[in-house]
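J.: Prediction below, plus the sequence it came from.
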Amino acid sequence: MPHSPRLSTDFSPADMARALEDAMQTPAPTRIDKQVPSVPWGPTLQFDTTHVYPALSESLERTATLGSSVSADSAARARVTTSGIPDHKAPLPKLRYFAPVGVAGGMGPLATVDLQKKLFEAGERKLNELAAQTGRQVTDQDHMGVISFNLGHMIQDRTAYIKSFKGDPDDPQAVREHLLKDVAENPFWGALHVCMALKNAGAHVIMFPCNTFHAWFDLLAEHVKLPMLHIAEATVLSLQQAKDELPENPQIGLIATTGTVDSRLYQAAGERMEKFGGPKITWRHPTPGTQDKAMRGIYDGVKAGDMPLGAALLNEVVLELIKDGVHAFVDGCTEVHPAIGDITYPVPQVDAATALAETAVRLSMVLARLERKFS
């Protein structure tokens, strides 16, 4: 089946370096502390979200130096129990091309499985490129490890909680207090436990298969000392790489939940990425009536298991955006692409989950190289 025009969104490390390195002002040298991992495949180097863009621009590999080490005794409390595993002297395998990545899933369950599939496909594409260069056949052991907790019951509805805020949306302290409120309806607390479990299970980086949840991204980064990838920033970076195929100031349609639209997730990401050389995007949203169709397509369709209804409603949303003159549109909810990804449109369809997966593969490879360098 033919697909919509595909933007050339492959990242060039040289382009990334030019766009990001100066803006990030990576210290030289960057001291990286060592730690004892909770599991054999876990990270031995202490990274967090501030290291993501220096790593993607490859400046981190040039500037990293080894700092202090955490002792085995002090790290033992965080180690996952290995009781019942017989003692052995055989060495366990080292990381190959990739460091294992973590998916804080369940938001939603289908989107989690879809992201896992896209992570595998993006990793496989990279392995096939390497195989073509080296002539070495790809094996099971070469693939990127994915640790995924698809725990929908742990993470409450994101849009419903964001819409329950009755304060001033322009008051950052009031918004922060709402997002950290200690109530059962707040998805933050369940997600925090899932992220900490992923960290203890050996994930080197964490991502979320839900756009709306990124309203809590910065707050989680304060608590989870592990690199986390931002889905909207990954999407804008992919648009940056395709800027030669788009007008100078493109109009990009956004199909997303009302929570994502109201939180200005993509607008804020676009503004941040502009200073890194990203395109100046004008985001176009559906009309209020059509936004209701988008919500019905996501919730009554895809999330409820009625894919034909979801596809029909979301297709109507796309057609309105195209009629409005957008140059491309973003599937800004991870439930959207599974419903309409196989429909052909006259403008490019940009899948946020695919952009996230491709960025995760690049970051995973950098982290694996650093682990090998300092092992």
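T.: Structure's in. What do you need? Numbers count the residues shown, from 1 in each chain.

J.: does residue 168 really touch residue 174, like I thought?
T.: Yes - with contact defined as CB atoms under 8 Å, residue 168 reaches residue 174; the gap is 5.8 Å. Using the backbone N, CA and C atoms, a C-beta is placed for each residue, glycine as well.

J.: Run the chain-centre distance for stretch 253-260.
T.: 17 Å (CA atoms, centre = their mean, to the nearest Å).

J.: which residues sit against that stretch?
T.: 158-160, 162-163, 211-212, 214-215, 261, 265-266, 283-286, 291, 294-295, 298, 314, 317-318, 321-322, 324, 326, 328-333, 336 (CB atoms under 8 Å, 6 or more residues apart in numbering).

J.: For ChimeraX, write a command that selects the buried ones of these.
T.: In ChimeraX syntax, the buried subset of these is picked out as below (16 or more other CB atoms under 10 Å):
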select :158,159,162,211,212,214,215,261,265,266,283,284,285,286,291,294,295,298,314,317,318,321,322,326,328,329,330,331,332,333,336
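
J.: Between residue 168 and residue 174, which has more neighbouring residues?
T.: Per other CB atoms under 10 Å, whichever of residue 168 and residue 174 has more neighbours is residue 174, with 14 against 10.

J.: The more buried one in helix, strand or coil?
T.: helix (DSSP: H, G, I helix; E, B strand; the rest coil).

J.: Looking at it now. What's its pLDDT?
T.: Residue 174 is assigned 95 on the pLDDT scale.

J.: what does residue 263 give?
T.: At residue 263, the pLDDT value in this model is 85.

J.: Residue 273 now?
T.: So, for residue 273, pLDDT stands at 80.

J.: Neighbours of it, how many?
T.: 24.

J.: Same check on residue 89?
T.: If you count neighbours by other CB under 10 Å, residue 89 ends up with 4.

J.: And it, how close does it get to residue 186?
T.: From residue 89 across to residue 186, the span is 48 Å (CB to CB, to the nearest Å).

J.: just residue 146 next, same as before
T.: From residue 146 to residue 186 the distance is 27 Å (CB to CB).

J.: Now do the helices in the stretch 201-350 of the chain.
T.: Ranges of helices in the stretch 201-350 of the chain, per DSSP state H, counting those that start in this stretch, are 217-223, 231-241, 258-262, 265-274, 288-296, 307-323, 336-340.

J.: what sits up against the fifth one?
T.: Counting by CB under 8 Å, 6+ apart, the neighbours of helix 288-296 from elsewhere in the structure are 255-258, 261, 285-286, 309, 313-314, 316-317, 320, 333.

J.: Flag every buried residue along stretch 345-356.
T.: 345, 347-356.

J.: Among these, which are located in strands?
T.: Per DSSP state E, strands hold the following members of the buried residues of stretch 345-356: 349-351.

J.: now the angle between helix 231-241 and the lengthiest helix in the chain, please.
T.: As assigned by DSSP state H, the longest helix anywhere in the chain is helix 109-134. Put simply, helix 109-134 runs at 40 degrees to helix 231-241, going by axes from the mean of the first three to the mean of the last three CA atoms, to 10 degrees.

J.: what is the rounded mean pLDDT of helix 109-134?
T.: 95.

J.: Tell me who's in contact with residue 207.
T.: 101-104, 115, 228-229, 231, 356, 360.

J.: Can you lay out those as JSON lines showing distance to residue 194?
T.: Listed next are the contacts of residue 207 as JSON lines, based on distance: CB to CB, whole Å:
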{"residue": "101", "distance to residue 194": "14"}
{"residue": "102", "distance to residue 194": "9"}
{"residue": "103", "distance to residue 194": "10"}
{"residue": "104", "distance to residue 194": "5"}
{"residue": "115", "distance to residue 194": "14"}
{"residue": "228", "distance to residue 194": "12"}
{"residue": "229", "distance to residue 194": "15"}
{"residue": "231", "distance to residue 194": "16"}
{"residue": "356", "distance to residue 194": "17"}
{"residue": "360", "distance to residue 194": "17"}
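
J.: Most neighbours among these, which one is it?
T.: Greatest neighbour count in these, by other CB under 10 Å, goes to residue 104: 31 neighbours.
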